[in-house]
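> Provided below are the primary sequence and the corresponding predicted coordinates.
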Amino acid sequence: MDMHDEIEGLAILIRDLRKHKNLTLGELAERIGRSVGFLSQVERGLSRPTVADLTAISETLGVPTTYFYSLSKPRALPWVTRPGERRTLYYAGGITDVLASPSMSAGFSMLESHLAPGASSGEGHLDDSSEQGGFVLEGELSIWLGEDPQAVTLGPNDSFQLPPHSQFRYANLTDQPTRVLWVFK
């Protein structure tokens with residue numbers, strides 16, 4: 001991958017993630033303290049952000065800066081991704097998400113989540129504006145919905161669907177790894 005491809009790949013990552021988070025170019029520029037013109041150039045691959053810019057962008061968009069370093073390889077078909085072309089996001093708590101979708105700016109996105117034994121989304125409840133669902137590929141996934149202290153445990157081939165703004169958290173309470181295919185709308 002040459003430098004131009006790297007800059008273009010970074011531009012696509014920033015633009016797709018900004019759109020996925022439903023932020024306008026102006027809103028993101030304001031939050032990171034830069035001009036719309038500068039951010040537009042970054043998203044078109046015409047300018048490179050500084051470390052400080054990229055850190056501010058990652059904080060605002062809710063991803064670690066390392067997300068932008070794991071650029072996917074160029075794809076022959078823009079609507080297909082193969083395992084070696086996917087971007088990976090590592091979270092605290094033992095969860096790794098692999099973006100299975102070719103883009104995050106489409107009508108829905110797919111993630112393959114890997115939960116290490118004992119992995120958890122955290123103590124707090126998630127409140128995602130996206131409608132989402134999942135299909136357990138391997139292992140067990142425990143989900144707490146709302147204030148219910150009882151978890152629902154799902155196993156291989158079980159699925160779930162949650163409406164937008166569902167208050168929930170999830171974990172792998174077993175000593176075996178868990179894999180889940182998540183779909184976000």
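Done, it's in.

> spell out which residues make up each domain of the protein.
3-69, 83-184 (automatic domain parsing).

> of those domains, which approaches residue 75 most closely?
Counting by Cβ to Cβ, residue 75 lies closest to domain 83-184 out of these; the figure is 5.5 Å. Where you see a C-beta, it was placed from the backbone N, CA and C, and this is true even at glycine.

> of the domains of the chain, which shows the lowest average pLDDT?
Ranked by mean pLDDT, the domains of the chain end with domain 3-69 at the bottom, a mean of 83.

> can you say which of the domains of the chain is nearest to residue 76?
domain 83-184 (9.5 Å).

> could you pull up phi and psi at residue 161?
Here is the backbone geometry of residue 161 (degrees, to the nearest 10): phi -140, psi 130.

> alpha carbons only: can I get the helix ranked longest in the chain in PDB?
For the chain, the helix with the greatest residue count under DSSP state H is helix 3-20. Provided in PDB are the C-alpha atoms of helix 3-20 (Å, rounded to 0.1, in the frame of the first residue of the first chain):
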ATOM      1  CA  MET A   3       1.200   6.600   0.900                       C
ATOM      2  CA  HIS A   4      -1.700   7.800  -1.300                       C
ATOM      3  CA  ASP A   5      -3.700   4.700  -0.600                       C
ATOM      4  CA  GLU A   6      -3.000   5.100   3.100                       C
ATOM      5  CA  ILE A   7      -4.200   8.700   3.100                       C
ATOM      6  CA  GLU A   8      -7.300   7.700   1.000                       C
ATOM      7  CA  GLY A   9      -8.000   4.800   3.300                       C
ATOM      8  CA  LEU A  10      -7.800   7.000   6.400                       C
ATOM      9  CA  ALA A  11     -10.100   9.500   4.700                       C
ATOM     10  CA  ILE A  12     -12.700   6.800   4.000                       C
ATOM     11  CA  LEU A  13     -12.500   5.600   7.600                       C
ATOM     12  CA  ILE A  14     -13.100   9.000   9.000                       C
ATOM     13  CA  ARG A  15     -16.000   9.900   6.600                       C
ATOM     14  CA  ASP A  16     -17.800   6.500   7.000                       C
ATOM     15  CA  LEU A  17     -17.500   6.600  10.800                       C
ATOM     16  CA  ARG A  18     -18.700  10.200  11.000                       C
ATOM     17  CA  LYS A  19     -21.700   9.300   8.900                       C
ATOM     18  CA  HIS A  20     -22.400   6.200  11.000                       C
END
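
> residue 182: neighbour count?
17 (other Cβ atoms under 10 Å).

> and it, what is it in contact with?
97, 110, 111, 112, 113, 132, 133, 134 (Cβ atoms under 8 Å, 6 or more residues apart in numbering).

> Provide the secondary structure category for it.
strand (DSSP: H, G, I helix; E, B strand; the rest coil).

> so how far is residue 87 from it?
15 Å (Cβ to Cβ, to the nearest Å).
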